[in-house]
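J.: coords please:
(2 chains, ligands or ions: 1)
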Amino acid sequence: MKSRSGIMLIFLVAIATVSVFYTALPEGINAQQEEKTFVTHTGAVVTTTGEVLDPLYTSATVEFDPMEYLRDFNYGRVSQLSDGTTVREFTIIANDDEIMEVSPGIFFNVWTFNGTVPGPTIRATEGDIVRVKFINNGEKEHTMHFHGIHPAGMDGVFEPVGGNGGQFVYEFEAGPVGVHPYHCHVMPLEEHIVRGLYGVFIVDPKEERPPADEMVMVLNGLDMDFDGENNFYAANTIPFYYQHHPIQINTDELIRVYVVNMVEFDPINNLHLHGNLYNYYPTGTDIVPSAYTDMITLSQTERGIMEFEYEYPGKYLFHAHKVEFSEKGWVGIFLVNENENAVESKEYGT
Amino acid sequence: MELSNKSSKGKMIASGIIPFVFLVIMMAYIFGPGADLLDLGIPLPEITMEKVDFVDSEIQVIVRNTGPIPVEVAMADINDRIQPAAVEPDRYLNRYETALVRIPFEWNEAEPYIIGITIEDGTRFEKEIEAAAPALEPTLELAAFFAIIGTYVGIIPVMIGLLWLPFIKKISKQKYHFFLALTAGLLLFLGIDSIEEAIEVSEENLAGSFNGVLLVATVITFSFLGLYYTGEKLVSKAGSSRFTKPVAIALMIAIGIGLHNFGEGLAIGAAVGLGSIAFSTFLIVGFALHNTTEGIAIAAPMSRGKTMIGKLAALGLIAGAPAIFGGWVGGFVYSPFTSVIFLSIGAGAIFQVIITILKWIREEGDKNLSSAAVASGFAIGMLVMYLTSIFV
Ligand SMILES: [Cu+2]
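T.: Sure, this is the predicted structure:
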């Protein structure tokens, strides 16, 4: 009898002991695993036998490549009317079942125009006829609402296009000159936009702007947990992408960035450039810059064109000076290379 | 004759087993692989951050998958700002598996931090730390510190309480019953207090899948039944062995209180570990004061036997020393799960002791529990504990 009660006690003690060791200690670290090192944002070097959690995003793993998107301009299928007017035809397919790896290892159901967030950058010259064949392959209703000047029936607000193959053709004359957003305009609007149904529409002046290395940056955010706050911020969707993959540019070459702020939930966003200042053209409608600055602040759907040249080679940061946004991904680097085609070499100092 | 006996025995076994087999088949049908009968909605992933340590330039988090499906740890943040981090051994967590997430971060002592972990579907989990404090290194020095604290909180007060023994020895039966009931009242308070603490810890730190309250209830029942069984055996043997009945009961009380004091040690160790100096000082003073009453609880039944200084000291140690072990566990290997388990075991032990004491009074007091002495003793016991608890 005594032994049985003893067993009872031992049993209890054993349960307690096992639970201590099972729960209190992390799983044994396998000594055979190879060690990796990584550098934190502050420059500290950390060694681990485990895996590194860092938005070290590579385009190899995903369909959407922010580097490709950066300089990808879609001019459409071009034809001429009898009076010589250029017609540009585009096909845009909306979807709402796409799962996109929005940061390494994190997958999110985005809603897309042509499969990407942002949708394609559409480009036309002032006075061109823009004809967009819109197909909605999603389950919900979607539209395309272009900023700019066009007839009421082409506004993409009161003509919702049904899902599962619904179609609509938007046709209007490109104008005014500038950089404009387009986006879905179906309620609940905030959701349709923040999930990714937007893109950039550039209207070039008839007299071309000076040649430049041109790029598009859509400032956006993603609300992963649907709490009405963004968990990620980025230029062109993928947080920290241009920090880990710097944008290569040259010294003494004009850089022209079309910037569009599509961030929802937050009242402002901004863009600060390091080691330089830029000429800023709000909405891109004027040929005279409104400011020469290193810092602009944009509210929702505010946009503009910035132009600058780097004199000195090296790495330069650009990011939201709302630091919260940059620490959640909206940060990047221009890697300025010495321009081999430069006519004259410059000498600095004495 | 023998044959038919065997076959009837076989029938009996079969008749016992066959329903069981059907039960197994039914369970396999409902829950087995490929069974979609119970596909009630979408299973949501869940992780729990069980422990956060602040070491040199790093915040280390132990993450456990406490949801119904496997998860991948994808990202870490401090105060909602994304930080590069390492996860060891890897980011894939099966059910109940843990991983260590190391987040390099120049934290400041005593400042609050919110640690966030995001998994592959973008769900973010967070844990708030009220004040960052360097993780305790298990040094000999610190172990000795906990031993001293444990002695002050556990052993010495219980020993002081035992000094009431000569006084209790001299009083009348009525007054003696009063003191026994007082002991039961003290213990009832401690038991309820332990349950409250265990539920609180489980609600704050354990994932819903652990079913905190039910876990506490289950462990209490286990501990109560185990100790009750053991205790009964001990008491029933007491007459014939070298144990006398009062000693057996006192031993039960000492074990129950010992488990309780282990919980107190845990609380102190964890408080020191979390760096809340003021809080841990408060706990030490409060526990020390109120543990003297635990000495009375052990002394009361012992007063009816021969006074044996050696046994008394041993009982004092059994009741008090676990505070030291509790301090070590709480300070060095704290985990909310174990602390819930220990607190629950302690509560079960205490209830077992209360039952034993009540039985003892009943036997001693002519099968009567409704005397004024018992009622007032019980009430005053609760009241004393309540009043001392206000100061803790
Ligand atoms: Cu839409």
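
J.: ok, the most centrally placed residue in chain B to B:Leu214 distance?
T.: Residue closest to the mean C-alpha point of chain B, counted by CA atoms, centre = their mean, is B:Leu343 at 1.6 Å. Note on B:Leu343: its distance to B:Leu214, by CB to CB, to the nearest Å, is 15 Å. From N, CA and C alone the C-beta is placed, and that goes for glycine too.

J.: now A:Pro282
T.: In this view, A:Pro282 and B:Leu214 are 62 Å apart by CB to CB.

J.: cool, and B:Arg64?
T.: Going from B:Arg64 to B:Leu214 by CB to CB gives 19 Å.

J.: same question, A:Met154
T.: Note on A:Met154: its distance to B:Leu214, by CB to CB, is 62 Å.

J.: and these two? Which one has more around it.
T.: A:Met154 (19 against 10; other CB atoms under 10 Å in any protein chain shown).

J.: these two touch, right, B:Gly263 and B:Ser194?
T.: Yes. Applying CB atoms under 8 Å, one finds B:Gly263 in contact with B:Ser194, separated by 6.0 Å.

J.: what sits in contact with each of those two?
T.: Common neighbours of B:Gly263 and B:Ser194, counting by CB atoms under 8 Å, 6 or more residues apart in numbering or on different chains, are B:Leu343, B:Gly346.

J.: contacts only, for B:Thr183.
T.: The contact partners of B:Thr183, by CB under 8 Å, 6+ apart, come to B:Ile253, B:Ile296, B:Ala297, B:Ala300, B:Ile357, B:Gly377, B:Gly381.

J.: check A:Trp330 too.
T.: A:Leu219, A:Gly221, A:Tyr233, A:Ala234, A:Ala235, A:Pro239, A:Asn269, A:His319, A:Ala320.

J.: reformat the residues you listed as a markdown table; add pLDDT and neighbour count.
T.: Formatted as a markdown table, the contacts of A:Trp330 follow (pLDDT from 0 to 100; neighbours: other CB atoms under 10 Å in any protein chain shown):
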| residue | pLDDT | neighbour count |
| --- | --- | --- |
| A:Leu219 | 97 | 23 |
| A:Gly221 | 94 | 24 |
| A:Tyr233 | 95 | 27 |
| A:Ala234 | 94 | 30 |
| A:Ala235 | 95 | 28 |
| A:Pro239 | 91 | 29 |
| A:Asn269 | 95 | 25 |
| A:His319 | 96 | 23 |
| A:Ala320 | 95 | 27 |
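
J.: which ones among these map onto helices?
T.: Counting by DSSP state H, these place none of their members in helices.

J.: identify, from the residues you listed, the entry nearest to the ion.
T.: A:Gly221 (17.2 Å; CB to the ion).

J.: grab the nearest non-local neighbour of the closest one.
T.: A:Asn230 (3.2 Å; CB to CB, 6 or more residues apart in numbering or on different chains).

J.: for chain B, see how far away the one you found is.
T.: Note on A:Asn230: its distance to chain B, by CB to the nearest CB, to the nearest Å, is 10 Å.

J.: and that residue, that one's in a strand?
T.: No. Under DSSP: H, G, I helix; E, B strand; the rest coil, A:Asn230 sits outside any strand and is assigned coil.

J.: what are the boundaries of the helices in the stretch 1-150 of chain A?
T.: A:2-24, A:66-70 (DSSP state H, counting those that start in this stretch).

J.: could I get the CA-only coordinates of the last one as CSV?
T.: The C-alpha coordinates for helix A:66-70 follow below in CSV (Å, rounded to 0.1, in the frame of the first residue of the first chain):
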residue,chain,number,x,y,z
PRO,A,66,9.8,46.0,-58.3
MET,A,67,13.0,46.6,-60.2
GLU,A,68,11.3,45.7,-63.5
TYR,A,69,8.2,47.7,-62.6
LEU,A,70,10.3,50.8,-61.8
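
J.: how far away from the center of its chain is it?
T.: Computed by CA atoms, centre = their mean, to the nearest Å, the chain-centroid distance of helix A:66-70 equals 9 Å.

J.: who are the packing partners of it?
T.: Counting by 3 or more CB pairs under 8 Å, 6 or more residues apart in numbering or on different chains; DSSP states H and E, the packing neighbours recorded for helix A:66-70 are strand A:213-222, helix A:241-244.

J.: count of residues packed around residue 228?
T.: Here I'm looking at chain A. Applying other CB under 10 Å, we find 10 residues neighbouring A:Gly228.

J.: oops, chain B please
T.: Neighbourhood size, B:Tyr228 [other CB under 10 Å]: 19.

J.: same thing with B:Gly265?
T.: By the criterion of other CB under 10 Å, B:Gly265 has 30 neighbours.

J.: separation between it and chain A?
T.: From B:Gly265 across to chain A, the span is 13 Å (CB to the nearest CB).

J.: residues contacting the nearest residue to that residue once chain neighbours are set aside?
T.: Leaving out its chain neighbours, the residue that sits closest to B:Gly265 by CB to CB, 6+ apart is B:Gly326, at 2.0 Å. Counting by CB under 8 Å, 6+ apart, B:Gly326 makes contact with B:Gly150, B:Asn261, B:Phe262, B:Gly263, B:Glu264, B:Gly265, B:Leu266, B:Ala267, B:Ile268, B:Gly269, B:Phe342.

J.: in helices, which of the residues you listed fall?
T.: Using DSSP H to define helices, the subset of the contacts of B:Gly326 located there is B:Gly150, B:Asn261, B:Phe262, B:Gly263, B:Glu264, B:Gly265, B:Leu266, B:Ala267, B:Ile268, B:Gly269, B:Phe342.

J.: helix or strand: which one has A:Asp225?
T.: For A:Asp225, there is no host helix or strand (DSSP states H and E).

J.: find the closest residue to chain A in the stretch 151-300 of chain B.
T.: With CB to the nearest CB, the shortest gap between the stretch 151-300 of chain B and chain A falls at B:Thr230, namely 4.0 Å.

J.: quickly find the element holding that residue.
T.: With DSSP H and E as criterion, B:Thr230 is part of helix B:212-238.

J.: which strands or helices does that helix pack on?
T.: Applying 3+ CB pairs under 8 Å, 6+ apart, one finds that helix B:212-238 contacts helix A:2-24, helix B:173-205, helix B:245-273, helix B:336-364.

J.: need the ones you listed in a markdown table (columns: distance to A:Val331).
T.: Shown next, in a markdown table, are the helices and strands packed on helix B:212-238 (distance: least, CB to CB, whole Å):
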| stretch | distance to A:Val331 |
| --- | --- |
| helix A:2-24 | 39 |
| helix B:173-205 | 35 |
| helix B:245-273 | 36 |
| helix B:336-364 | 37 |
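
J.: those helices: lowest mean pLDDT?
T.: If those are sorted by mean pLDDT, helix A:2-24 sits at the bottom with a mean of 55.

J.: name the nearest residue to the residue of the stretch 251-350 of chain A found nearest chain B, sequence neighbours excluded.
T.: Taking CB to the nearest CB as the measure, the point where the stretch 251-350 of chain A comes nearest chain B is A:Glu327, at 3.9 Å. Spatial nearest neighbour of A:Glu327, chain neighbours left out: B:Arg81 (3.9 Å); criterion: CB to CB, 6+ apart.

J.: count of neighbours near that neighbour?
T.: When neighbours are defined as other CB under 10 Å, B:Arg81 has 14 of them.

J.: so it is in contact with A:Lys328, correct?
T.: Yes. B:Arg81 lies in contact with A:Lys328 (CB under 8 Å); the separation is 6.6 Å.

J.: in contact with B:Lys124: list those residues for me.
T.: No Lys there; residue B:124 is Arg. Listed by CB under 8 Å, 6+ apart, the contact partners of B:Arg124 are A:Met224, A:Asp225, A:Asn231, B:Asp77, B:Gly116, B:Ile117, B:Thr118.

J.: any idea how far it lies from the ion?
T.: Note on B:Arg124: its distance to the ion, by CB to the ion, to the nearest Å, is 25 Å.

J.: let me see the backbone angles for that residue.
T.: For B:Arg124, the backbone dihedrals (degrees, to the nearest 10) come out as phi -110, psi 130.

J.: find the nearest non-adjacent residue to it, please.
T.: Once flanking residues are discounted, B:Arg124 sits nearest to B:Thr118: 4.6 Å by CB to CB, 6+ apart.
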